[in-house]
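Trainee: The sequence and its predicted three-dimensional model are supplied below.
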There are 2 protein chains.
Amino acid sequence: MADDQTNRWVGDALVTIEGGEPVHVALERSLRAAVREGRLRPGDPLPPSRALARDLGVSRWVVTQAYGALVAEGALDARTGAGTRVAATSWPTLTATRAVAPPVQPRPAFDLGPGVPDLRHLPRAAWVAAVRTAVASATPGDLVAPDPRGVPALRQALADRLAVTRAVLVDADAVVVTHGAADGMTRLASALRAAGHDSVLVEDPSWPRLRDVAAAAGLRPVPVPVDADGVDTDALVAAAGRTGARVALVTPSHQFPVGAALAPARREALVRWARSVDGVVVEDDYDAEFRYDRRPVAALRALAPDRVALLGSLSKTLAAGFGVGWLVPPDDVPAARAGLDVRTSAPPSLHQLACAALLADGAYDRHLRSARARYRRRRAALLVALERHLPGLPVTGLSAGLHVVLGLPAGVDENRVARLAARRDVRAMPAARYRIAPVASAPALVVGYGNLVDARLDEAVARLAAAVAEAT
Amino acid sequence: MADDQTNRWVGDALVTIEGGEPVHVALERSLRAAVREGRLRPGDPLPPSRALARDLGVSRWVVTQAYGALVAEGALDARTGAGTRVAATSWPTLTATRAVAPPVQPRPAFDLGPGVPDLRHLPRAAWVAAVRTAVASATPGDLVAPDPRGVPALRQALADRLAVTRAVLVDADAVVVTHGAADGMTRLASALRAAGHDSVLVEDPSWPRLRDVAAAAGLRPVPVPVDADGVDTDALVAAAGRTGARVALVTPSHQFPVGAALAPARREALVRWARSVDGVVVEDDYDAEFRYDRRPVAALRALAPDRVALLGSLSKTLAAGFGVGWLVPPDDVPAARAGLDVRTSAPPSLHQLACAALLADGAYDRHLRSARARYRRRRAALLVALERHLPGLPVTGLSAGLHVVLGLPAGVDENRVARLAARRDVRAMPAARYRIAPVASAPALVVGYGNLVDARLDEAVARLAAAVAEAT
């Protein structure tokens, strides 16, 4: 209010003291702003405190307090005998410290991108309840000096769950909580790099992020082809022999994006290879919870804990925003357990405790059961819609996960289809997006159904079909 | 119940089918356990499915389903013509994959360790409410593809807060959310190492963790002495000249552990030095919110955003278990902004959104106000108790933060006092714990009062005094 406001000139600077805060604080703020905005310049003298106090109609204490604060922070200089001046080290004006923002990708109305879970059905109430449990039960140890490998309660809950759902028997002590699968891969890759590894065999095609973080950590990706039985282990062994690579990153349960399960003989071959070369297999168990036609195949890790590291996360079962994953290093590769040093940070322990509560009280299982039913239904509806609007095109991939692969007519450019679909507000991924080696392969799209409302599925596929028709 | 249980021998293995789960699932589980526990061995033949089905009194489908699942995961082999056998790649038994656990440090009854906030007064209900706000308001972007630099809402809330409480004017885009101050230092140090820096000037004494992570990232710590005006900038400039170091890590608001504020002339000298050598000053603003005798001095960053990086966290104001910090890189050092790559993980975005809600709705401010009042009171009570039980010993450090420095009588061994105190269930830190160079200095203890109940303060100090008396 105007009545509460006092204005005075100090040099060229209008000092404004507003009501509602202590007068010395208001004066300090006001002088700081004058310096910062360049109305008071380096070297400018300030009035003696007694004079300014009289001018402003305040006590001298008010002025000495404000001057003192600004001297202490370096904005003003108070040299004995020279009075108070604006410091020579001038205060900066507000500069634009802008980092380069990543391009904002507007989400299309019909998002058929893969790997996005259904965000409408997150267990929101259960999560709030789990957080309540966590804040009530956190120990001083959890709150003050959290274990960088994760809080004991969550590591135990994950070990219990891995035993039941993945046939992975592991001591809670061997489970490391991470920020997600990519973080787990980062830690493993750093540890293996430090132990002398310099390359990693990766599936081609595959999810780019994990091979990117491995590359950033110093493991050069060596592509190995994939077919309907998963990664080609003969080709893998050959590539390993050629390059000396002794680390392999694979998706045995549900190859991404091809959608195959790794055949039993190949599982054995992979393990035999790893044992024969003192190697490591990294199993990205990315959507192990979502198999619709049968119970999931046990993890490869169950077959060979001596050689297989397991990576998992809550990113597909809940959402990436939960920011929690796990890493189980191989038992017999000490180097792979070295991925923790003084720099490692686990997710917030309060948040981990909430995850542990969610897992332990059954809320997570209930969520997964209803998610499985929902995705199974939606996958079936997608197949019906594809058959209706794009009859005869091959749809491949296990009845699992959050995507299928749609083969396009021979000669059609998959990138052009994706662009034409985008114009119709539909997002679907050209399969080549996930390939490494530039080999000619049949055109295809990776079509996700995780986060699309059932009611929009038919319209989404109709639009996609129009794009295919235009491109053909 | 016994009535629900079917037992049959398969080779040497007792197969137990319990009620309450689908029979084929029970059979699969039971066979897997038999293989894993070594009751069925590699190469052992399994009965033909028809025979086992008859034995168990189940349909043949049940057995083929169970066999199929175990073949798919590699536990059994089903070679055409050879029947089904246990796979040659034997299943491992549960091996002890034990990582080395950090030693459990039992918390003493009277914990006078520094840097631990009051855990009894965490804003638990406000946190649950903030999480509720977060789950209700999270956008698909936050949940699916969180920005590795932090969610926009939290970066904005932190920028707003830094302006008000630290006189740091910064665009939200320039604030990076970290896992804590050590994580911020790790990122900065990695970026600076990549840009060619190989050493960092550090205060001696200082908090070991930040210099440790800098060292782990490749910046060799160069100690610089501290006195009652904070870090000795003449010595710093000399050490920089001697070693070529152009990065300095300092605590200008409240030096840890000495408890000094960096004198105004030294602030200017530090900035002048950084500008003259194209250097970087890293300001660890670790307990900026807790000053009891006056409002906190503005951050050094406010004086020279071109050269000063700011590190902060919620670890002292709330608790380390909140796992959130911030980093504001210097405006004019592009290299220092490079600490983000594909491997970077921010805290869970849901958790960040809850932090943003806590900051934005005033709950955090209310918490800080009551925390300040509580610590001010407790500090005064500590001084009274020290004067009563250890009269005449010097107590130094600003009226700020969560600790004071207690000088011990000349000639007393501070480590011995700490050990004798520990026997009396009191934890206090020998000051030498924080020193780098092995210089002779007056014996002292760092005495924290953050997480001790007021009612136990006098008893804690009485026990400490007994330890001092025994050591004298």
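Mentor: Now that the structure is in, tell me what you want to look at.
Trainee: pLDDT below threshold where in the stretch 201-350 of chain A?
Mentor: The model of the stretch 201-350 of chain A has pLDDT under 70 over residues A:338-340.
Trainee: What ranges does it have for its strands?
Mentor: Assigned by DSSP state E, counting those that start in this stretch, the strands in the stretch 201-350 of chain A fall at A:220-227, A:230-231, A:247-250, A:280-284, A:308-313, A:325-328.
Trainee: which neighbours does the fourth one have in its sheet, and in what orientation?
Mentor: Within its sheet, strand A:280-284 is paired with strand A:247-250 (parallel), strand A:308-313 (parallel), according to DSSP bridges.
Trainee: same thing with the last one?
Mentor: Listed by DSSP bridges, the sheet partners of strand A:325-328 and their directions read strand A:176-178 (antiparallel), strand A:308-313 (antiparallel).
Trainee: Can you tell me which of these is nearest to B:Pro22?
Mentor: strand A:308-313 (25.1 Å; Cβ to Cβ). From N, CA and C alone the C-beta is placed, and that goes for glycine too.
Trainee: Can you tell me what sits against the helix or strand where A:Leu188 lies?
Mentor: Taking DSSP states H and E as the definition, one finds A:Leu188 inside helix A:181-194. Contact with helix A:181-194 is made by A:176, A:178, A:200, A:209-210, A:213-214, A:216-219, A:247, A:249, A:280, A:282, A:284, A:286, A:309, A:311-313, A:315, A:325-327, A:329, A:335-340, A:344, B:342-343, B:345, as judged by Cβ atoms under 8 Å, 6 or more residues apart in numbering or on different chains.
Trainee: Can you say which of those residues are buried?
Mentor: Buried members of those, scored by 16 or more other Cβ atoms under 10 Å in any protein chain shown, are A:176, A:178, A:200, A:210, A:213-214, A:216-217, A:219, A:247, A:249, A:280, A:282, A:284, A:286, A:309, A:311-313, A:315, A:325-327, A:329, A:335-340, A:344, B:343, B:345.
Trainee: Taking strand A:280-284 as reference, get the angle to the helix holding A:Leu188.
Mentor: 170 degrees (axes from the mean of the first three to the mean of the last three Cα atoms, to 10 degrees).
Trainee: Now helix A:181-194: average pLDDT?
Mentor: With pLDDT averaged residue by residue, helix A:181-194 scores 94.
Trainee: Quick one: neighbours of A:Ser253, just the number.
Mentor: The number of residues packed near A:Ser253 is 30, by other Cβ atoms under 10 Å in any protein chain shown.
Trainee: Look up the closest residue to it, ignoring the ones flanking it.
Mentor: Closest residue to A:Ser253 apart from its sequence neighbours, by Cβ to Cβ, 6 or more residues apart in numbering or on different chains: A:Ala288 at 5.2 Å.
Trainee: Tell me the secondary structure at A:Leu40.
Mentor: Recorded secondary structure, A:Leu40: coil (DSSP: H, G, I helix; E, B strand; the rest coil).
Trainee: do stretch A:67-85 and chain B meet?
Mentor: Yes - on the criterion Cβ under 8 Å from any Cβ of the partner chain, stretch A:67-85 is in touch with chain B at A:Ala69, A:Val71, A:Ala72, A:Glu73, A:Gly74, A:Ala75, A:Asp77.
Trainee: As a markdown table, the residues you listed with pLDDT, neighbour count and secondary structure would be great.
Mentor: Below are the residues of stretch A:67-85 next to chain B laid out as a markdown table (pLDDT from 0 to 100; neighbours: other Cβ atoms under 10 Å in any protein chain shown; DSSP: H, G, I helix; E, B strand; the rest coil):
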| residue | pLDDT | neighbour count | secondary structure |
| --- | --- | --- | --- |
| A:Ala69 | 84 | 24 | helix |
| A:Val71 | 84 | 19 | helix |
| A:Ala72 | 80 | 21 | helix |
| A:Glu73 | 79 | 27 | coil |
| A:Gly74 | 80 | 26 | coil |
| A:Ala75 | 83 | 27 | coil |
| A:Asp77 | 84 | 21 | strand |
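Trainee: which one of those residues is nearest A:Pro42?
Mentor: For these, the nearest to A:Pro42 is A:Asp77 (9.2 Å; Cβ to Cβ).
Trainee: My read is that that closest one contacts A:Ala87, right?
Mentor: Yes - shown here, A:Asp77 and A:Ala87 form a contact pair, counting by Cβ atoms under 8 Å, at 4.7 Å.
Trainee: Which neighbours do these two have in common?
Mentor: Common neighbours of A:Asp77 and A:Ala87 (Cβ under 8 Å, 6+ apart) are B:Pro264.
Trainee: Show me what from the stretch 251-400 of chain A comes close to chain B.
Mentor: A:261, A:264, A:267-268, A:271-272, A:294-295, A:297-300, A:302-306, A:319-324, A:328-329, A:331, A:337, A:341-343, A:345-351.
Trainee: What strand or helix carries A:Leu420?
Mentor: With DSSP H and E as criterion, A:Leu420 is part of helix A:414-423.
Trainee: could you pull out the helices for the stretch 201-350 of chain A?
Mentor: With DSSP state H, counting those that start in this stretch applied, the stretch 201-350 of chain A shows helices at A:208-216, A:233-243, A:264-276, A:300-303, A:349-360, listed in chain order.
Trainee: Could you list the domains of chain A?
Mentor: Domain ranges of chain A: A:5-96, A:122-361, A:365-471, per automatic domain parsing.
Trainee: deepest of those domains, which one?
Mentor: Stretch with highest mean neighbour count among the domains of chain A: domain A:122-361 (a mean of 22; mean count of other Cβ atoms under 10 Å in any protein chain shown).
Trainee: Nearest residue to the middle of chain A?
Mentor: A:Ala320 (5.5 Å; Cα atoms, centre = their mean).
Trainee: surely it meets B:Gly141?
Mentor: No - with contact defined as Cβ under 8 Å, A:Ala320 and B:Gly141 do not form a contacting pair (10.4 Å).
Trainee: Stretch A:420-440 and chain B, any residue contact?
Mentor: No - figure legend: stretch A:420-440 not in contact with chain B (Cβ under 8 Å from any Cβ); closest approach 12.2 Å.
Trainee: got the contact list for that stretch?
Mentor: Contact partners of stretch A:420-440, identified using Cβ under 8 Å, 6+ apart, comprise A:107-114, A:202, A:204-208, A:211, A:221, A:223, A:225, A:256-257, A:405-406, A:414-415, A:417-418, A:441, A:443-448, A:460, A:463-464, A:466-467, A:470-471.
Trainee: hmm, try it at 7 Å
Mentor: Stretch A:420-440 has contacts (Cβ atoms under 7 Å, 6 or more residues apart in numbering or on different chains) with A:108-114, A:204-208, A:221, A:223, A:257, A:405, A:414-415, A:418, A:444-447, A:460, A:463-464, A:466-467, A:470-471.
Trainee: cool, and stretch A:139-156?
Mentor: Contacting residues not belonging to stretch A:139-156 are listed as A:172, A:175-177, A:340, A:344-346, A:349, A:352-353, A:355-356, B:99, B:102, B:107, B:116, B:119, B:319-321 [Cβ under 7 Å, 6+ apart].
Trainee: Same check on stretch A:449-466?
Mentor: A:110-112, A:116-119, A:378-379, A:381-382, A:385-386, A:389-390, A:402-403, A:421, A:424, A:426, A:428.
Trainee: Work out the gap between that stretch and the centre of the chain.
Mentor: Distance of stretch A:449-466 from its chain centroid, counting by Cα atoms, centre = their mean, to the nearest Å, is 26 Å.
Trainee: Equivalent analysis for stretch A:177-191, please.
Mentor: Distance, stretch centre to chain centre, for stretch A:177-191: 11 Å (Cα atoms, centre = their mean).
Trainee: and if you look at stretch A:332-350?
Mentor: 17 Å.
Trainee: Also stretch A:302-310?
Mentor: Distance, stretch centre to chain centre, for stretch A:302-310: 25 Å (Cα atoms, centre = their mean).
Trainee: ok, residues contacting it?
Mentor: For stretch A:302-310, contacts defined as Cβ under 7 Å, 6+ apart pick out A:166-168, A:188, A:267, A:271, A:274-275, A:279-283, A:285, A:299-301, A:327-332, A:336, B:73-74, B:89, B:91-92, B:95, B:97.
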